[in-house]
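*Asks:* Please find the sequence and the predicted model below.
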Amino acid sequence: MLRHAVVKGAQLNETDAKRVLQHLADLWSYHVSLVETDASDAVIKEYVLGAARGRRGCLKAGLGGAPAPFGAAIASSRHLARRG
C-alpha cells in the first residue's frame, strides 16, 4: 500500500494517480493500492488497481527476482503530486 499525505488540501490528480498505479500493478503483477490521508491520518481517498489481464509483470517474465523496493514506489507516488 502506498500513502500520500495531503498537505494544504493538495490531492493527487485522479487520472495520473490511476495511470501510475496501473503501471505499477502491471509491473509487479498484483494489486496496488494508494490512500490519500489528511494530517490526522484519516483516509480522504483510496485507489486500488490490479494487473491488466494478459500483461506480464517483471516477476512472471523472469526479468526480476523480487518486487521493486518500497522506496521506488514512494518516488513514483511523489511524481503524482500536483505542481503548485
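*Replies:* Received the coordinates, thanks.
*Asks:* drop to CA atoms for contacts and neighbour counts, all remaining ones
*Replies:* Noted.
*Asks:* low-scoring stretches of this protein, by residue?
*Replies:* 54-84 (pLDDT under 70).
*Asks:* Quick check: longest helix in this structure by residues?
*Replies:* What stands out as the longest helix in the chain, according to DSSP state H, is helix 14-28.
*Asks:* which other helices and strands contact it?
*Replies:* Identification of packing neighbours for helix 14-28 by 3 or more CA pairs under 8 Å, 6 or more residues apart in numbering; DSSP states H and E yields strand 32-37, strand 43-49, helix 58-61, helix 70-79.
*Asks:* For the first one, output the C-alpha coordinates as CSV.
*Replies:* Listed in CSV are the C-alpha atoms of strand 32-37, where the atom choice follows Å, rounded to 0.1, in the frame of the first residue of the first chain:
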residue,chain,number,x,y,z
VAL,A,32,-1.6,-1.9,-5.8
SER,A,33,-3.4,0.5,-3.5
LEU,A,34,-2.8,4.1,-2.6
VAL,A,35,-4.5,6.1,0.1
GLU,A,36,-4.6,9.8,0.5
THR,A,37,-4.6,10.9,4.1
